[in-house]
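here is my input, please return the structure:
(chains A and B)
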Amino acid sequence: MPLQPIKFYQAGSFAVGNRLLDPDQRSVQARTERSNTLTSGHRACQGCGEALGARYALDAAMRATGGRLIAANATGCLEVFSTPYPESSWQLPWIHSLFANAPSVATGIAAALRAKGRTDVRVVGQGGDGGTMDIGFACLSGMFERNDDVLYVCYDNEAYMNTGVQRSSATPAAARTATTGAVGPEPGNVFGQGKNAPLIAMAHEIPYVATATVAELRDLEYKIERAMEFRGARYVHVFVPCPLGWGSASRDTIRIARLAKETGLFPVFEAEHGEVVSVSKIRRQVPVEEYLQPQRRFAHLFGDPPRTDVIERIQAGADRNIRRFGLLEGEDAATDGLMRVLAETDRGPQ
Amino acid sequence: MTEKPFAITLDVGSSLANKTGNWRTERAVYVDRLPPCNNACPAGENIQRWLYEAEEGADGYERAWRKIMEDNPFPAIMGRVCYHPCETVCNRAQLDEAVGINSVERFLGDEAIERGWTVEAAAEPSGRRVLVVGAGPSGLSAAFHLARLGHAATVLDAGPAAGGMMRFGIPRYRLPREVLDAEIARIAGLGVEIRLDTKVTSILDAMREGGFDAAFLAVGAHLGKRAYIPAGSAAKMLDAVSLLRSMEGEERPLLGRRVVVYGGGNTAIDAARTAKRLGAEEAIVVYRRTRDRMPAHESEVEEAEAEGVLMKWLSTIKRADEDRIVIERMELDETGFPQPTGELEELGADSVVLALGQETDLSLLDGVPGLEVEDGVVQVGPDLMTGHPGIFAGGDMVPAERTVTVAVGHGKKAARSIDAWLRGGEHRPAPKHELAAFEMLNTWYYSDAPRTVQPQLELARRQSTFEEVVGGLDESTALFEARRCLSCGNCFSCDNCFGVCPDNAVRKTGDPEHPYAIDLDFCKGCGICVAECPSGAIEMVPERI
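As a prediction, the model looks like this:
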């Protein structure tokens, strides 16, 4: 879609809804008839980013598929807090098998649908960063490599939260977890380890890879809907803060996600067939301290004296992302994801 | 033994059976906080609310205009002459620039005149009669609100036309007379009787003769103050109030080529700009203090300077002759008071206009028992009643800032007090809500958008004509401006709370006054809705445990 210059600002453009927009231009989450795929009564902690991200993503997928959607879930918080036997919070066909095999289960469902000639029903696999990037990684890579017709959504909260905040391959450097204590000369998780799952997914040259955060709903919904326009393997990586594991205030979940993007620590982009096609620009750039300080998992960096050397290394990582993905304004602004969403909403009543 | 499949002992249930609301120690509560603009408005307008209506465009404009009319019968006049203290305190100024509230108000006022919108009385006729003395902004505002409250209001004015200082003090280039006439005609259309050329010499007699139950005095302050300046017999001196008033007559005053205006208030600036338009080559404002201590409003000083009006700061006039004056340079002492230096200077001047403030003619109050006058103005209580029961006063004749908007606000307040007094009660204004401070907003959600600037008449044109200087916004720019409102402290139905709840515990009610409600069965009290509310219209309160 060609980008339109924004000429007509209005209050609340970045908000979930907008009473001034035509109903069909409003976000899925602004609608009373949204699916609420993950409904009330689940046992996620106060302010859980994963619960929010899962409802955002699956509601958008439900809208894109007209409600014909099956979900396969890996073991993890999302599974545990949503389905304590015999209760379920899921309002769509949903299956949990094992920790490692959610991509394979999703592949199997897709194969069964193909055998039955059902092209109308679509499949989503989902899990946390542990189930996706560590334990289920072979299954996920296989699903990508075979280009199975599955959208896999990873809710990344940067550690194994369900079992008590152990380090995963998504845990950022210097973060304190149960297995990376804030002790010794190099406290917290070590630098130079871990992996970047979206870039690995892109290396499979699958049709669609995107990253998103719970702070930018319209962008997240756009990417899920865009992903459903493709057949074959697709991967969306959603950044979901965890108040419990990160030691942040429950009310700050969205703010922390926003800061992750605005510092450059979590680049938000989308890629088709292995190539980046759009990048969400940083709107109000802030130093990494603003992101780190509200989280107790980084509290050891702000002691007396503060570990400015470590903070500088984290800032260097953010700067590298900014350079690598062109996250600042003016660098290839034509493909700015947020601008695109705004330009769409901007066609409101005039 | 059982119908259930192997190893299954319980029916599948929904998590809706699990009422997570009992985790909560704090709950989110929707609130209406007081937007700074509303708090600052001397006329007590609900600015945030009428901008909210105007944001919708089309039908919204009329609803917005009616919302203004609840507090102020002069939207088109306000949109031209109000010094908009609302914009000075606008929270948006901390983000980019203040919302152009004044220009949107003007657009709505003009729209109403063009479309012929009118208002009706809101209450049944009470059968009570109220006398209003003075057809200026305060008197007309009071009469308007009294009529809306069901009382028969009669306005008496000594002048030949209604409007008071809006007509005889504010030049045409700031307030075209057709706008003034249209908004006054609407008040008369409400059933308010306006009798002109009728000077009230004694308020008690007038009340008795007319059979009035109460009176509102708003005679204004239209006597120019004099200062003693030694002057030669041929020196031409006049006061600014008379100059501005004579502009409404047939004959244009002759001021000469070089005009000096003495004073630093808005009237001085008006007089200098008027002189310029009358053909003066030089119009110089002589003021004894510095620019930052000048009582005139910044925007008017800027416009005057752009038109070529010159300013002479820290100067007093010692003497005036036929074609020149002598001024003395002043110096501010440590208390900021100007002190003479003895340094003299001559300045060419064909006439001197004195704009040294105005006084009130209070002769109609002679012999009224209980009434108190101090420093030339009438003393009133918080309800604007004078010491004499049933006689109220407002506008320039009571102690307050002398602006049209303050006067209009007095009119409304007096009308409500008179209404309560006539009905045997006391008007108690509703307690003010907590102020919506900038820190309570989450400004991430507002897009950046600089203010639409009202087009200004080309300089050359406005120096020589009395055409309106500041142009109006057109429809699309007015809408743009209205939509820049942050809706501080008040819900504007953005759906953020509805969307960001991880527990799906916010409901839409369908009630436009309270669009959302928290489902306390499931709200865990995380506070995300409070943190992410753009306008600061939700707060967390502790649960009683």
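
which stretches of the stretch 1-150 of chain A form strands?
A:69-73, A:87-88, A:94-96, A:122-128 (DSSP state E, counting those that start in this stretch).

mind checking which of the ones you listed is nearest chain B?
Comparing these by their distance to chain B (Cβ to the nearest Cβ), the top pick is strand A:87-88, with 4.6 Å. Quick note: C-beta positions are derived from backbone N, CA and C, even for glycine.

and the contacts of that closest one?
For strand A:87-88, the external contacting residues (Cβ atoms under 8 Å, 6 or more residues apart in numbering or on different chains) are A:41, A:82, A:94, B:12-15, B:17-18.

paired strands for that strand, with orientation please.
If you go by DSSP bridges, strand A:87-88 pairs up with strand B:13-14 (parallel).

next one: the partner strand to chain centre, how far?
Here strand B:13-14 shows a centroid-to-chain-centroid distance of 58 Å under the convention Cα atoms, centre = their mean, to the nearest Å.

could you pull up the mean pLDDT of it?
The average pLDDT for strand B:13-14 rounds to 92.

C-terminal to that strand, what's the next element?
strand B:26-30 (DSSP states H and E).

quick one: strands adjacent to that following strand?
Here strand B:26-30 is paired, per DSSP bridges, with strand B:538-542 (antiparallel).

hmm, A:Ser89 and B:Ser14 touching each other?
Yes - here B:Ser14 reaches A:Ser89: they are 7.5 Å apart, a contact under Cβ atoms under 8 Å.

quick one on the thing from earlier: any chance of a markdown table for the contacts of strand A:87-88, columns distance to B:Met237?
Putting these into a markdown table (distance: Cβ to Cβ, whole Å) gives the following:
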| residue | distance to B:Met237 |
| --- | --- |
| A:Gly41 | 84 |
| A:Ser82 | 87 |
| A:Trp94 | 91 |
| B:Val12 | 96 |
| B:Gly13 | 93 |
| B:Ser14 | 89 |
| B:Ser15 | 87 |
| B:Ala17 | 89 |
| B:Asn18 | 87 |
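
just among those residues, which is most surrounded?
Neighbour counts for the contacts of strand A:87-88, by other Cβ atoms under 10 Å in any protein chain shown, peak at A:Ser82, which reaches 25 neighbours.

picking that back up, please enumerate the shared neighbours of B:Ser14 and A:Ser89.
Contact criterion Cβ under 8 Å, 6+ apart; residues shared by B:Ser14 and A:Ser89: A:39, A:41.

ok, back up a step: of the contacts of strand A:87-88, closest to A:Gly164?
Set against A:Gly164, the nearest of the contacts of strand A:87-88 by Cβ to Cβ is A:Ser82 (18.9 Å).

so how far is chain B from that closest one?
7 Å (Cβ to the nearest Cβ, to the nearest Å).

which residue is the nearest non-sequential neighbour of that residue?
Excluding its sequence neighbours, the residue lying closest to A:Ser82 (Cβ to Cβ, 6 or more residues apart in numbering or on different chains) is A:Ser89, at 4.3 Å.

same deal with B:Ala400?
B:Val406 (5.3 Å).

neighbours of the one you found, how many?
22.

redo the strands of the stretch 1-150 of chain A as JSON lines? Include mean pLDDT.
Formatted as JSON lines, the strands of the stretch 1-150 of chain A follow (pLDDT from 0 to 100):
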{"stretch": "strand A:69-73", "mean pLDDT": "97"}
{"stretch": "strand A:87-88", "mean pLDDT": "94"}
{"stretch": "strand A:94-96", "mean pLDDT": "96"}
{"stretch": "strand A:122-128", "mean pLDDT": "98"}
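
most packed of those strands?
Most buried of those by mean neighbour count (mean count of other Cβ atoms under 10 Å in any protein chain shown) is strand A:122-128; its value is a mean of 29.

pairing partners for that one, with directions?
Sheet pairing of strand A:122-128 (DSSP bridges) gives strand A:69-73 (parallel), strand A:151-156 (parallel).

pull the first one out as PDB, backbone CA atoms only.
Right, strand A:69-73. Extracted in PDB, the C-alpha atoms of strand A:69-73 (Å, rounded to 0.1, in the frame of the first residue of the first chain):
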ATOM      1  CA  LEU A  69      -8.700 -21.000  13.500                       C
ATOM      2  CA  ILE A  70      -7.100 -23.800  15.500                       C
ATOM      3  CA  ALA A  71      -4.300 -23.100  18.000                       C
ATOM      4  CA  ALA A  72      -1.500 -25.500  19.200                       C
ATOM      5  CA  ASN A  73       0.200 -24.400  22.400                       C
END
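
check what contacts it and list those residues.
Contacts of strand A:69-73 (Cβ under 8 Å, 6+ apart): A:37, A:58, A:61-62, A:79, A:82, A:90, A:92-97, A:102-103, A:105-106, A:109, A:121-127.

repeat the analysis, applying 7 Å as the threshold.
Contact with strand A:69-73 is made by A:58, A:61-62, A:79, A:92-96, A:102, A:105-106, A:109, A:121-127, as judged by Cβ atoms under 7 Å, 6 or more residues apart in numbering or on different chains.

and the last one, by the same measure?
Contacts with strand A:151-156, where a contact means Cβ under 7 Å, 6+ apart, come from A:50, A:53-54, A:57, A:61, A:78, A:103, A:106, A:124-129, A:132-133, A:140, A:143, A:170, A:197, A:227-228, A:234-240.

put the buried members of these into a ChimeraX selection.
Selection of the buried residues among the contacts of strand A:151-156 in ChimeraX, burial being defined by 16 or more other Cβ atoms under 10 Å in any protein chain shown:
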select /A:50,53,54,57,61,78,103,106,124,125,126,127,128,129,132,133,140,143,170,197,227,228,234,235,236,237,238,239,240
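
next, count neighbours for the residue in the stretch 101-250 of chain A that chain B sits nearest to.
Per Cβ to the nearest Cβ, A:Ser250 is where the stretch 101-250 of chain A lies closest to chain B, at 4.0 Å. A:Ser250 sits with 21 neighbouring residues when counted by other Cβ under 10 Å.

which residue, other than its chain neighbours, is closest to it?
Counting by Cβ to Cβ, 6+ apart, A:Gly47 is the residue found nearest to A:Ser250 once chain neighbours are left out, at 2.9 Å.

checking my notes, A:Val276 in a helix, right?
No - assigned with DSSP: H, G, I helix; E, B strand; the rest coil, A:Val276 falls outside any helix and is strand.

ok, now how distant is it from chain B?
Separation of A:Val276 from chain B (Cβ to the nearest Cβ): 25 Å.

next, count neighbours for that residue.
19.
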